[in-house]
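> Would you be able to build a 3D model of this:
(chains A and B)
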Amino acid sequence: MSESITLEKLYEKLQQINDKLDCFLQERTPSNIIDSNILESLDVMTLLSLPDHLRMSASTLFELGKATADEVSNVTSKERAVESNYLNQLVRMGHVEKFREGRKVYFRINERSEINK
Amino acid sequence: MSITIAVHSCKGGTGKTSIAINLAGAYAASGKNVCLLDLDSKAPYLSSVFSPQSKQWINDVLFGKCTVMDVIHDISDEIGVSGKLYIGFSDPDIIAIRDISSKDRKWQAKALQVIMDAKKHLTSAGMDVIILDTGPGVDFSSINAVAAAEYVLIVVKPNKPCLVGTGQVVNGVYKLLGKKCGIIENMCHETHFLHPLSNTLFDMPVLASIPCMCDVQLKTDTGIFTLKEPDHIFSNSISKIADKILEQFD
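Residues are numbered from 1 along each chain as shown, chains lettered A, B, ... in the order given. Below you'll find the predicted structure:
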């Protein structure tokens, strides 16, 4: 098997582990907040119920507004790759959105809720 | 540098608002630019003390109708301080209170972001200290304010229910949000209930122990006590608290 195919399979397996971890995290969330609508935005009570590492990343994003994984990792004192992983977990949970500006990838707290209602 | 202080307690009637008003007065009297925001939207109080002229409220900011700069009132000349004191009022009308009390989790998620943006606007406008007067206990309006602050000033009454409740909020909210905190024991009937016999409570510094004094409550209803009676024991305590908070950010 060529090296590129091995790496591809490894990447696929890692993605599967990541997805399973996300499911596990969501299952551990109190049942009263498991709701697809609620998970579109991050409120302070949900923030409090997140695991420590994700809460730190999300709290930092609240302070910074939009930020790259590098900028968040400077505040949380974690490795950029580790922080990037946490931020992507928050994206998959629906609490954070990810977007590109030029060559940089930014994260910000999901703003899909509507305040004027 | 600008700091945002949330004045919070686990129960009502601890003297939070009185501490918030007088702390704002003490900072403004020492030459700082201060903004005091009434985020106790379910039981607004500041409008009854200061009688705002404008009809724009913090509620309008939370509903996305205007920015925080549109709703703050400069009362510096009125009270004669060397710095600046701006106040943002919550709408005391019962319809407004009912309206904001009925908002759901999604709305509150956005409200937190609005408060964070308001903090950034006020910091850019040159505020040295932003004081958030919060509602008591753990609900969205109070914990949104706590989450937006860099420092939480916890006001406790020295009785068992308040101390037990405070311990829960310290471990279940403030510490999880990584907040710097300080505790004031207020309305003490026994002197030095906690301080200086104990300098910490729940691993948080106890900044002051203030005796129960009826004249403070009565005179706070009509203005800023620390400016009316700067030599009073209450005013001295507030000045020391103000200094101790800033020392933690040196």
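
> SS state for the residue nearest the centre of chain A?
Central residue check for chain A by Cα atoms, centre = their mean: the C-alpha nearest the mean position is that of A:L90, 1.9 Å away. Here A:L90 is recorded as helix under DSSP: H, G, I helix; E, B strand; the rest coil.

> pretty sure it contacts A:S57?
Yes - using Cβ atoms under 8 Å, A:L90 is in contact with A:S57, at 6.3 Å. Every C-beta, even on glycine, is put in place using the N, C-alpha and C of the backbone.

> Tell me how many other residues surround the residue nearest to B:D40 when sequence neighbours are not counted.
The shortest distance from B:D40 to any non-neighbouring residue, by Cβ to Cβ, 6 or more residues apart in numbering or on different chains, is to B:G135 (4.2 Å). By other Cβ atoms under 10 Å in any protein chain shown, the residues close to B:G135 number 25.

> sorry, back to before: per-residue pLDDT of the residue nearest to the centre of chain A, please?
pLDDT for A:L90: 95.

> try A:D19
63.

> so B:G88 makes contact with B:I58?
Yes - counting by Cβ under 8 Å, B:I58 is a contact partner of B:G88 at 4.9 Å.

> can you tell me which residues contact the residue nearest to B:D40?
Residues near B:G135 by Cβ atoms under 8 Å, 6 or more residues apart in numbering or on different chains: B:L39, B:D40, B:S41, B:K42, B:A43, B:S141, B:S142.

> which of these count as buried?
Buried members of the contacts of B:G135, counted by 16 or more other Cβ atoms under 10 Å in any protein chain shown: B:L39, B:D40, B:S41, B:S141, B:S142.

> out of these, what pair is the most spread apart?
B:S41 and B:S142 (9.7 Å; Cβ to Cβ).

> ok so, going back, where do the contact lists of B:G88 and B:I58 overlap?
What both B:G88 and B:I58 touch, as defined by Cβ under 8 Å, 6+ apart, is the set B:L37, B:D38, B:V68, B:V71.

> What ranges does the chain have for its helices?
Unless you meant another one, I'm taking chain A. A:3-28, A:44-49, A:52-64, A:69-76, A:80-92 (DSSP state H).

> ah, I was thinking of chain B
B:16-29, B:46-50, B:58-62, B:76-79, B:94-101, B:105-124, B:140-148, B:160-169, B:214-220, B:225-228, B:233-247.

> Which members of the contacts of B:G135 occur in strands, if any?
Using DSSP state E, no member of the contacts of B:G135 falls in strands.

> In a markdown table: these, plus pLDDT.
What follows is the contacts of B:G135, written out as a markdown table (pLDDT from 0 to 100):
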| residue | pLDDT |
| --- | --- |
| B:L39 | 97 |
| B:D40 | 96 |
| B:S41 | 94 |
| B:K42 | 94 |
| B:A43 | 94 |
| B:S141 | 93 |
| B:S142 | 96 |
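
> Where does pLDDT dip in chain B?
B:191-198 (pLDDT under 70).

> Point out the residues in it that sit beside chain A.
Proximity of chain B to chain A, by Cβ under 8 Å from any Cβ of the partner chain, involves residues B:62-64, B:105-114, B:116, B:120, B:140, B:143-144, B:147, B:172-173, B:176-178.

> from the residues you listed, which would you call buried?
Buried among the residues of chain B next to chain A by 16+ other Cβ under 10 Å: B:62-63, B:105-114, B:116, B:140, B:143-144, B:147, B:173, B:176-177.
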